[in-house]
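Visitor: just a sequence and a predicted model for now, questions to come.
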Amino acid sequence: MKVNLLKTKVKSDPLEQTSTGFGKTVLDSSIHLKGASLSGDDRKNLLTNLFLMCIFSVAIYYYQEYASKKVKFDKKKLTQQISVLKTDLQKKDIKIKEVSKYKAEGDEFKRKIMAIKELSRMRLVELKALDYMQNIIPEKLWFSSVDYSERVFVIKGSAIENSAFNEFLKELESSSFFEDIVITTAKEIKDDSGSKVVFEIQTNLRAI
């Protein structure tokens, strides 16, 4: 196609412009190219290009609308998921606090149980030690008092003969219940009934 640009002008009548609905106008298909000689194929190609431009513009518009709605929908869905996760996290935090509370209470309960068991074990050992002490008392020896505090026994008594006192000491030393035996007092006195050994012994309860 040859067009003489010096002699030919392409004019567009404002009344012959067609609005696309997107703020732009395109030349109406009825535009006459005055002074220009266009073949039928050229006019067909021109109209085809104009039609494709309109289709492309419409496609872009609807794609943008679709993308905008999709973004809004995804954002709303994500916000809902975040809200659900926050609620679930708050519930789990409450459960964790409850579990921690129950664990602390359980640990305290276990500690008390262990303390009671240890106390019971010690009481049993103390009773066995006293029972053993009573069984080893010689015939010529007797107690006037037995005090016990903080795993320490203080035994006061008398013996008619030194041999009875020595026998009692020997039994204490060979026992598995007592340790650190100390004679704090041992003296012989005489009265109307005769002579006797007055003694005081201190010994510790062995840890078993």
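Guide: On my side now, so go ahead. Residues are numbered from 1 along each chain as shown.

Visitor: have a look at this protein and report its longest helix.
Guide: In the chain, with assignment by DSSP state H, the single longest helix is helix 40-135.

Visitor: could you measure the most centrally placed residue in the chain against residue 90, distance?
Guide: Taking CA atoms, centre = their mean, the centroid of the chain lies closest to residue 96, which sits 6.6 Å from it. Going from residue 96 to residue 90 by CB to CB, to the nearest Å gives 11 Å. In this view, the C-beta of every residue, glycine as well, is placed from N, C-alpha and C.

Visitor: can you check residue 149 too?
Guide: Counting by CB to CB - residue 149 and residue 90 are separated by 55 Å.

Visitor: check residue 200 too.
Guide: For residue 200, the distance to residue 90 - CB to CB - is 70 Å.

Visitor: so the strand of greatest length in the chain versus helix 40-135, what angle?
Guide: In the chain, with assignment by DSSP state E, the single longest strand is strand 178-191. Calculated by axes from the mean of the first three to the mean of the last three CA atoms, to 10 degrees, strand 178-191 forms an angle of 20 degrees with helix 40-135.

Visitor: low-confidence bits of this protein, can you list those?
Guide: Within the chain, the ranges that satisfy pLDDT under 70 run 1-38, 208.

Visitor: got the domain boundaries for it?
Guide: The chain breaks down into these domains under automatic domain parsing: 14-65, 136-205.

Visitor: what about the last one, start to end distance?
Guide: When you say that, I think you mean domain 136-205. 16 Å (CA to CA, to the nearest Å).

Visitor: tell me how far that domain is from the chain's mean position?
Guide: A distance of 59 Å separates the centroid of the chain from that of domain 136-205, by CA atoms, centre = their mean, to the nearest Å.

Visitor: what's the helix or strand for residue 137?
Guide: Using DSSP states H and E, residue 137 is not contained in any helix or strand.

Visitor: so it touches residue 131, yeah?
Guide: No - with contacts counted by CB atoms under 8 Å, residue 137 stays clear of residue 131, the gap being 11.5 Å.

Visitor: and these two? Which one has more around it.
Guide: residue 137 (16 against 10; other CB atoms under 10 Å).

Visitor: and the more buried one, what does it touch?
Guide: Residue 137 makes contact with 143, 168 under the criterion CB atoms under 8 Å, 6 or more residues apart in numbering.

Visitor: returning to what we had before: just checking, what packs against the longest helix of the chain?
Guide: strand 25-27, strand 141-149, strand 152-159, strand 194-205 (3 or more CB pairs under 8 Å, 6 or more residues apart in numbering; DSSP states H and E).
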